[in-house]
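**Student:** Turn this into a structure:
(2 chains)
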Number of protein chains: 2
Amino acid sequence: MSSWIYGFGNGSADGDGTMKTLLGGKGAGLAQMTALGLPVPPGFTVTTAACSYYFENEQNWPAGLDEQMNTALGVLEERVGRKLGDAADPLLVSVRSGAAVSMPGMMDTVLNLGLNDTTVQALATQSNNPRFAWDSYRRFVQMFGDVVLGIHYTRFARAQKAFCGEQDPSDLSVEQLQELTARFKAVVEDSGSEFPQEPREQLRTAINAVFKSYNSHRARYYRKTQGIPDDAGTAVNIQAMVFGNLGSGSGTGVAFTRNPKDGAPGLFGEWLPNAQGEDVVAGIRTPLPLNGNSAREGEQLVDAMPEAYAKLEEVQLLLEKHYRDMQDIEFTIEHGRLFLLQTRTGKRTALAGVQIAVDMVGEGLITEIEAITRVDPVNLELVLRPIISPDAKKTVMATGLDASPGAACGRVVFEPQECQELYERDEPSILVRLETSPEDIQGMTVAEGILTARGGQTSHAAVVARGMGKPCVVGCTEIQVDYSRELFYAGDFVVRKGDWITIDGGTGQVMEGKVEMLAPQSDVSALETLLGWADKHARLKVRANADTGPDAARARELGAIGIGLCRTEHMFFQADALRAMRQMILADDLHSRQRALNVVLPIQRAMFADLFKVMDGLPVTIRLLDPPLHEFLPVAEEDVAGVAKDLGVRIESLHARLQQLHESNPMLGHRGVRVGVTSPEVYRMQVRAIFEAACQVGREGVDVLPEVMIPLVGLPAEIAMMREIVMEVAEQVLNENQARLEYQVGTMIEIPRAVLLADQVAEHADFFSFGTNDLTQLTYGFSRDDMGKFFPDYQRRGLLKDSPLAIFDTEGVGQLVKMGTEKGREAHPGLKVGVCGEHGGEPGGVAFFHACGLNYVSCSPYRVPVARLAAAHAALGLI
Amino acid sequence: MSSWIYGFGNGSADGDGTMKTLLGGKGAGLAQMTALGLPVPPGFTVTTAACSYYFENEQNWPAGLDEQMNTALGVLEERVGRKLGDAADPLLVSVRSGAAVSMPGMMDTVLNLGLNDTTVQALATQSNNPRFAWDSYRRFVQMFGDVVLGIHYTRFARAQKAFCGEQDPSDLSVEQLQELTARFKAVVEDSGSEFPQEPREQLRTAINAVFKSYNSHRARYYRKTQGIPDDAGTAVNIQAMVFGNLGSGSGTGVAFTRNPKDGAPGLFGEWLPNAQGEDVVAGIRTPLPLNGNSAREGEQLVDAMPEAYAKLEEVQLLLEKHYRDMQDIEFTIEHGRLFLLQTRTGKRTALAGVQIAVDMVGEGLITEIEAITRVDPVNLELVLRPIISPDAKKTVMATGLDASPGAACGRVVFEPQECQELYERDEPSILVRLETSPEDIQGMTVAEGILTARGGQTSHAAVVARGMGKPCVVGCTEIQVDYSRELFYAGDFVVRKGDWITIDGGTGQVMEGKVEMLAPQSDVSALETLLGWADKHARLKVRANADTGPDAARARELGAIGIGLCRTEHMFFQADALRAMRQMILADDLHSRQRALNVVLPIQRAMFADLFKVMDGLPVTIRLLDPPLHEFLPVAEEDVAGVAKDLGVRIESLHARLQQLHESNPMLGHRGVRVGVTSPEVYRMQVRAIFEAACQVGREGVDVLPEVMIPLVGLPAEIAMMREIVMEVAEQVLNENQARLEYQVGTMIEIPRAVLLADQVAEHADFFSFGTNDLTQLTYGFSRDDMGKFFPDYQRRGLLKDSPLAIFDTEGVGQLVKMGTEKGREAHPGLKVGVCGEHGGEPGGVAFFHACGLNYVSCSPYRVPVARLAAAHAALGLI
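**Tutor:** Numbering: from 1, shown residues only, chains lettered A, B, ... in the order given. The predicted model follows:
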């Protein structure tokens, strides 16, 4: 005959932790904890098979279940030493649902089952606390009526209000509680149901209610969306009640086996004396710490109940030894005796996650590979950033896109130069813009965080902020920015210049005022240890995208083994360089253009020299100019006159040139290698700057490994022409300096056609670097700046789960990465292939690039740890 | 012993037309013509092998050549009845180079070789024309010195100027000519050379000079660029001179065996009595017609020299019978005797080409397949358009892109409504704009032609003009348009509103004033015959892109077997519809949007009904709305107020909505199916209009085959969602009308991702239609509107030969078409696949699509003949 029931208690259990399918998650957990010798209140589990049978057989119990339940109940009564319905010493139980996978719509817990008009008296006597007994009974009648019998809770609420108004029933006298209980019973009867006095009847009814709740509309819908079969069924857990509210020797609490905020070892948690679990959750009373410093002496559990605390420490060791991870425990102390009601893997901050994983390796609990496995790469970025405190009170005014994680708090400003002013007064600022442009870089550098109303995951603001490791929320369409009045609206909020706000770049939330934050850990030794282990397993190398010496230094600190993308654009925005660039753009003849470029040359050379010094011995990939030339000219009409005056040109000439350079679709316009083709002198200048810098620092003993990268190549002829130019200028400079230097010339692969003709392109390239931002945009026919208009609808309607600019599209764009790599290496065996788009630091992308056999990924410095860990996960087959 | 020399004359020849490698093109032709019995002056050819030997053996002649030349010369002297250097009756010859492939840098012709101080006297006596003889000698000395001895021609020019100033030497007296000849000989001697008096010495020297010219720098460079091997060598043709300038019984001319302008049968050409070939070319005297009507009686060759004319007619028949194609003949008549100097395949207009090919089938000269082969599909578009007369005088002011072929002449206007005004006064207009937009359609419809300063081959102006079959030049960056002053600059030209200009959409030329044009043929029966033959062989079906009833009617006339692309955009620009669309865009709630769409519905329904009636029995593919919504709102600031007033909204609201809809890269923005996803009510309205129209005309007995096409699909989920919507609305309408109807739902394939996931997309599509415009733009990362900024440089530097928007990129985009077709059919066997981009009417594209196994192409109506013929060429393996 089948076993429909599995008991547990007194250190032994019929089941174990592996039997989730039959016992449900909760039942298996209770069996496991019991078997571990943990102090779990005894009980038994009705299997999911019984539930399935129930539905397959017109809601009848299987033969034998009744009998087995009687037996199990007998064992339970014996273990507890009380009997269900006993008039002197009654057993009370809780009844809980518990499917293999928890799901919404399932029946809530019923507590205190076994109480009736007789046993309530016994409870009063035995606890010496009639109010406790009657309050428990009052609650039970209400809970049973609502949860088991399905009487709408408002009927009880109305009855209660009629009886005692707004007063908390817990404050009623015993007599009043008795009267309220009677009224609740009347509600049940008025609803055409009956409140069963017989505890076994209560139990049968409750078990059936759990079964039925498995077939509720919500549960069925949930299973459908999650692809869970309907015939799996739910288990039902019947467990002896323990009470934390039996006076000062009792209590209840929650404990983590290590600190979930920073991973520090030792118990961490809160408790309430003389309270039940609900009280802790309800938040009416302020919980007390388990240990450590406290405002009021003796309130910590370790002082108030040293024995129970010692027992909890034993439990902690036992649990961590068994589960080999930090646990989150719910416990109750009944008359000084510790009971464990639940244990589960504890949630933790990213920082704590790393610390705990590394510590556990040290403690011999887990292996290095397990430690690597334990940490989700995505979370690593947060280790290095301030975050909103998990307990913080906050008012969210609007939500945008989570462009660069971490929290920032500061005064709102709308003009980049105001960031500088506040910075000089030592005041933090949040730069709020419709969108940002290269001219805003200076202000962005000194702002605490950036918030834009427009733009997507790879908008200028997002890319720059990630590069700087600065919190950023973009595409926040819920705010309306009014520059002229220096304010923004967010729903009913009006936020003016100078007002404080807090943004969370990890969630996209924009919050009112100053919100409490946790500072990032300054000691990153655990992170370094973990990443060191990761590097041992990873095959994919991790480089960083960095444009300046300081960025590169940070990248190197974080473990980048090279620069995979140095964008040279910003080098043109330095004031002198910008002026010269503008002169060049406005010049009519090559001679004047060349003269202007000669002004830019030393500025770029100095910047490259900085970079090379920092990256001594590591490769540095420098992308030649990518943006269209018009980005260097003023946009706003009010700036045109000033710029014209500064350059000494007629305002009409500047306007004419602006009109000439205007593009309908700048993303598809005259940029990248196309500028190199039409104005090769610009690329020549840049190559000269690179190699002059290399020669200069080379003389100082720096080991320089430059890789010149051509952006936006779509034709094999483009890279062929550029390779010739680069090599010609490089050899010229090397000859002038009587220097020798190994260098490479390669290309971005970001135009679909370059993928399709990758074999031909590879003949002229030492390396490929996939620019997955542009490649994704062109593959989808999306523009990062415009997709905000329709993307929310796409998400809402389930057409797209994530933005393909944030999460790499392995299915579509992935095919191109694979094809480009294969074709490229077919024509050029051993071709070095990397990725320098945002996806180089996105774990799913990293896994895909690993599988494609790429050599490296390159991402913003703060994502380097993410990529290193993800590369290890990929190599270990975890993602 | 090798034959180094091949003679020809008196109806027999040692070689023939197949021996181009050995005898060069000219030598083989002379041999062939002689063998055909044509009156060719006799001569002989020194083989290319002799030339090769010469260079391989330190510029020595091969053994035997000298002897063979003596023999050949003897034969020639015998055939002509004159001897080289004979003091009484001297033979004069011409010497010409003639490689297998003609190339620049080769030696020019030397005429009158054989003249010296003695023979000139004989020529004077014999011709009874001392001036002719001395002028010939004078010319020969100069030509020999310049061409053979390499003395710079300016030295002869200086000597001539010193002697007779600016006077034409032909007008000098005999004595003066003698003196000038002596001075020319002195120039030769002063240059350190010697003018050889001995004719055989003259001949040897000239032959060597031809050999040497084969190794000139220009010729070597040309061979290198063309991949012609350097050791092929050139032949040398020595041919007896004939003279057309020996008095009124002599003459020279050019004849086509059929009319090259319209293909009409019969000789067509010009001649000059008492003249040499050079005189016809020089254009000093006006040539006379061969036949037909003439201003002055008796001037036609047929009247002036009826016997020679009759001989020419014999030649005509003989040549066409042999060459089986229309020939272009150079002839000379010496004392009434006709000589043929050259014959080659005659150039002809597109119209003539078709007529000749069809006529020749009728005459049994060629087969139907040969006729198909003879006509280049590209030219067919011109058959239906006016063209610039080949003889026209023209002043080209600027050159843009050849967007839509054909010539147009009219008064310049800058505003579309002015086209209408001129049209109503019956005056032709050319609309000149920076670029056009959908609002300009009305004006474009009544303009003769369109000229834009911006935009590329698929800009709005280009696409619309091609659809209308209207001449159009776009991207003419050489003109500066100043709307405010109502003029444009083109180099030094200033063209004001009302001035006449002529544009040639086939060459991109913009010409001053009215230029002479040839009207298109109104009788297209030959074209129809040819295309009927083509259709028998073509596998690829040809549809047309047409948006209106009249367009569709034209397409059907031109042989389209369906509409492959009906763009529904223009249906929204009808005044009532536009107003309603604007209301819809500005509406806040679905209800108001729906109300506005209800105004558009009947307008669209009526337009669809028109289309269906015209296409009775043929499929009509209707693309749902493609452009972004902001295209329906005013662009110019001055229009905003008016539109706001018209719609009864506050100007601020309109501005706000405009700001909201603004896109950085509209091509990659919120358009196509993305509008369908965010505003499904728009697509629902369109589908309802389609099916209501189908039911309505169906009741009138029209056979409707609608195909609903979703644009810009990149995700399988998009087409899945749209297919559901289309089918839901379609079934609804059919039920309401109690009608049954076969219809299809398919998708454009124009986003690279749709190609990569074509298997998944195909599961929801009845057909694929490649939109090769957008697909090309996304594959290249180009925008049609912006590529004009760098494309000229790309062409100049040889990076790109043609714009991939004009000529299909088989190498890159072609891979995607192939992949998409294969993947699509893998998942959906038998999937119907077509192309509805511009390339559907581009022969190279058609050939590729044929090879890919596509079912159909669809192009603008005027390109349907091109596509039909190209499809036949492809099936016959000709392209």
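**Student:** hey, where'd the strands end up in the stretch 251-400 of chain A?
**Tutor:** For the stretch 251-400 of chain A, the strands identified by DSSP state E, counting those that start in this stretch occupy A:251-258, A:265-273, A:288-289, A:327-334, A:337-345, A:387-388, A:396-399, in order along the chain.
**Student:** Counting residues, which helix of chain A comes out longest?
**Tutor:** Across chain A, the helix with the greatest residue count (assigned by DSSP state H) is helix A:590-614.
**Student:** which helices and strands does the next helix or strand after it pack with?
**Tutor:** Scanning forward in sequence from helix A:590-614 by DSSP states H and E, the next helix or strand is strand A:619-623. If contacts are counted by 3 or more C-beta pairs under 8 Å, 6 or more residues apart in numbering or on different chains; DSSP states H and E, strand A:619-623 sits against strand A:563-567, helix A:590-614, strand A:705-710. For glycine as for every other residue, the C-beta is placed from the backbone atoms N, C-alpha and C.
**Student:** where in the stretch 551-700 of chain A is pLDDT low?
**Tutor:** Per-residue confidence of the stretch 551-700 of chain A (counting by pLDDT under 70) places no residue in a weak region.
**Student:** Those residues of it touching chain B, which are they?
**Tutor:** A:Leu661, A:Glu663, A:Ser664, A:Asn665, A:Pro666, A:Met667, A:Leu668, A:Gly669, A:His670, A:Arg674, A:Val677, A:Thr678 (C-beta under 8 Å from any C-beta of the partner chain).
**Student:** Just want to check the distance between the residue nearest the centre of chain A and chain B.
**Tutor:** Among the residues of chain A, A:Asn379 comes closest to the average C-alpha position under C-alpha atoms, centre = their mean, at 5.8 Å. Relative to chain B, A:Asn379 is positioned 29 Å away (C-beta to the nearest C-beta, to the nearest Å).
**Student:** Wait, that residue touches A:Ala357, no?
**Tutor:** No. Look at A:Asn379 against A:Ala357 with C-beta atoms under 8 Å: they stay out of range, at 11.3 Å.
**Student:** would you turn the strands of the stretch 251-400 of chain A into JSON lines with distance to chain B, mean neighbour count and mean pLDDT?
**Tutor:** JSON lines is the format used below for the strands of the stretch 251-400 of chain A (distance: least, C-beta to the nearest C-beta, whole Å; neighbours: other C-beta atoms under 10 Å in any protein chain shown; pLDDT from 0 to 100):
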{"stretch": "strand A:251-258", "distance to chain B": "42", "mean neighbour count": "25", "mean pLDDT": "92"}
{"stretch": "strand A:265-273", "distance to chain B": "46", "mean neighbour count": "20", "mean pLDDT": "90"}
{"stretch": "strand A:288-289", "distance to chain B": "51", "mean neighbour count": "19", "mean pLDDT": "87"}
{"stretch": "strand A:327-334", "distance to chain B": "39", "mean neighbour count": "22", "mean pLDDT": "92"}
{"stretch": "strand A:337-345", "distance to chain B": "35", "mean neighbour count": "18", "mean pLDDT": "90"}
{"stretch": "strand A:387-388", "distance to chain B": "31", "mean neighbour count": "22", "mean pLDDT": "88"}
{"stretch": "strand A:396-399", "distance to chain B": "16", "mean neighbour count": "20", "mean pLDDT": "94"}
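**Student:** Using CSV, please lay out those strands together with distance to A:Arg433.
**Tutor:** Below are the strands of the stretch 251-400 of chain A laid out as CSV (distance: least, C-beta to C-beta, whole Å):
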stretch, distance to A:Arg433
strand A:251-258, 41
strand A:265-273, 41
strand A:288-289, 44
strand A:327-334, 42
strand A:337-345, 42
strand A:387-388, 22
strand A:396-399, 15
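**Student:** Looking at those, spot the one closest to A:Gly455.
**Tutor:** Comparing the strands of the stretch 251-400 of chain A against A:Gly455 with C-beta to C-beta, the closest turns out to be strand A:396-399 (14.9 Å).
**Student:** what is the mean pLDDT for the helix or strand following that closest one?
**Tutor:** Past strand A:396-399, heading to the C-terminal end, the next element that is a helix or strand (DSSP H and E) is strand A:401-404. Looking at strand A:401-404 alone, the average pLDDT works out to 84.
**Student:** Who does strand A:401-404 pair with, and is each partner parallel or antiparallel?
**Tutor:** Taking DSSP bridges as the criterion, strand A:401-404 pairs within the sheet with strand A:472-474 (antiparallel).
**Student:** how distant is the next helix or strand along the chain from the strand it pairs with from the center of its chain?
**Tutor:** Sequence-wise, the next helix or strand beyond strand A:472-474 is strand A:479-482, with elements assigned using DSSP H and E. Counting by C-alpha atoms, centre = their mean, to the nearest Å, strand A:479-482 is centred 28 Å from the centre of its parent chain.
**Student:** List the buried residues in the helix or strand that comes right after strand A:479-482.
**Tutor:** In the C-terminal direction, the helix or strand that comes right after strand A:479-482 (DSSP H and E) is strand A:487-490. Of the residues in strand A:487-490, A:Leu487, A:Phe488, A:Ala490 count as buried by neighbour count, 16 or more other C-beta atoms under 10 Å in any protein chain shown.
**Student:** do stretch A:676-692 as well
**Tutor:** Neighbour-count burial for stretch A:676-692, counted by 16+ other C-beta under 10 Å, picks out A:676-680, A:682-692.
**Student:** Equivalent analysis for stretch A:378-390, please.
**Tutor:** When burial is assessed from 16+ other C-beta under 10 Å, stretch A:378-390 yields the following buried residues: A:Val378, A:Asn379, A:Leu380, A:Glu381, A:Leu382, A:Val383, A:Leu384, A:Arg385, A:Pro386, A:Ile387, A:Ile388, A:Ser389.
**Student:** any chance of these in TSV, with distance to B:Ala552 too?
**Tutor:** Conversion of the buried residues of stretch A:378-390 to TSV gives the following (distance: C-beta to C-beta, whole Å):
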residue	distance to B:Ala552
A:Val378	56
A:Asn379	61
A:Leu380	62
A:Glu381	58
A:Leu382	61
A:Val383	65
A:Leu384	64
A:Arg385	62
A:Pro386	65
A:Ile387	63
A:Ile388	62
A:Ser389	68
